[in-house]
Structure formats: structure tokens, C-alpha cells
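> Here is my input; please provide its structure:
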Amino acid sequence: MVLFGLTEAHRVCVVEIGTNQRGEVARLAGVAQPDIAVLTLVAIEHSEGIGDIDAIEAEEGALLSALGAAGTAIGNADDRGSSACSGSPAAHKLSYGFAERADYRIVSRKPLDLRQSIVEIARPDATRVSLTTRLLGVPGALAVAAALAVADRVAGAPVSAEVIGAALDLLGGGEAQRLIPSSCRMAAWSSTTATTRTRPAC
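Predicted coordinates for the structure are as follows:
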């Protein structure tokens, strides 16, 4: 339904592609036609309609397989998501997470209070960025790292901590209507399996 709400004013759309049965991700990815796909987690939560962890990995990996050669596949380096990237036809493959091998590596996360934390992430060029976020715990840190990878890829260069921080401030405030850079628009956000479709590139 998100795709029907897009207009020429939208430059970027982030939509969730979830599943509870075999073949669903491939069908939905065919509709979305992603340029960038993020596989956030391969876990046993979808076993009833799909099967064991290997079947879940194959089902969710269909999102990355739907990318064209010019696409970008992004996977979680802390679970099977990054190995699913290897089967993608996308020329650009990135990972994020706490693992040493992650392209966007979470170096540290520190709670500030009950409502926010600071996450430090090392980018592929070895520069580090510290971001304050209302996305808490390990899942929050992983979401921030994935968002940073997507933002850098959409922008075509590392996005400043100030711009990323401003976008993160919108999350949790109920007004997540912008995506980095400011000339881009965001239609939706996902915390499960996400795909990004760019209109022209920002």
C-alpha cells in the first residue's frame, strides 16, 4: 500500500517486506523492485509457514536475489544475513553489526538514560561516527548501523553525523517523514526486512 502513495515528490521509499509463507518475499520484491535491500535478521520467528532456519534464510534471501546488478545488498554480519548477500546479483554488498568483519561495525553502545543511548559505528573507510538515538539496546544499535549504511549508499558518500543525528531525532517522535539527505523523502520504515527504492538518485 505504501507504493500507491508515492508521488513524483518522493525520492526514496523504504518499505517492509515480511513473510510467513514460502515464495512471499520473492513476489513482494518483484513488486517493490528494490535498488537497495537490507536483510536485518534471519531467525526462527517465521518457522510455522516456512520451515527450519535454512528455509527461512532462503526465503528472506530472496529479497537480496531480487536486486539487479547495479543494486546494493546489505546484511547483518552477526547472523546469516551477511552470508545471504553472497548469493545476490548486486554488485555492491555491505554488512553491518558487531562482528569484526562488518563494513559498518558497531564499536560501542552506551545508554545515556532510560530513553536514549550513544552508538559508535566504524564505517568502511575506518572513520567513526557517534550517534545519539532513542532506538535502544542491541536491536536499536543494529537498526542505527543499518540505517547509516543505507543513508551513505543513497547519498553516494558518507553522510555527516549532524544529518544522521537529525534524522534519528525524528524516529520515536512520530514524525519520521524525512530521510538523509534532506532532499530525499521517506514513505515508511521497517524494523524487519527492508527494501529501499530510489526514484532518481539523491
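
> Tell me the pLDDT of residue 125.
At residue 125, the predicted lDDT confidence score is 94.

> quick one: it and residue 157 touch, right?
No - taking contacts as CB atoms under 8 Å, residue 125 lies outside contact range of residue 157: 10.1 Å. C-beta here means a position set from N, CA and C on the backbone, and glycine is covered the same way.

> which secondary structure elements does the helix or strand encompassing residue 62 contact?
Here residue 62 sits within helix 53-65, counting by DSSP states H and E. Identification of packing neighbours for helix 53-65 by 3 or more CB pairs under 8 Å, 6 or more residues apart in numbering; DSSP states H and E yields helix 24-32, strand 36-39, helix 47-50, helix 81-85, strand 193-198.

> And the average pLDDT for whatever helix or strand residue 148 lives in is what?
Using DSSP H and E, residue 148 falls within helix 137-155. If you average the pLDDT over helix 137-155, you get 91.

> Show me what counts as buried in it.
Neighbour-count burial for helix 137-155 flags 140-155 (criterion: 16 or more other CB atoms under 10 Å).

> Who are the packing partners of it?
For helix 137-155, the elements it packs on are strand 36-39, strand 72-76, strand 92-97, strand 104-111, strand 117-122, strand 128-133, helix 161-170, strand 193-198, judged by 3+ CB pairs under 8 Å, 6+ apart.

> How far off centre is that helix?
A distance of 6 Å separates the centroid of the chain from that of helix 137-155, by CA atoms, centre = their mean, to the nearest Å.

> same deal with stretch 135-151?
Its chain's C-alpha centre and that of stretch 135-151 lie 8 Å apart, by CA atoms, centre = their mean.

> just stretch 71-88 next, same as before
11 Å.

> just to revisit the earlier point, out of the helices and strands packed on helix 137-155, which is closest to residue 10?
Across these, residue 10 has its closest neighbour in strand 193-198 (9.3 Å, CB to CB).
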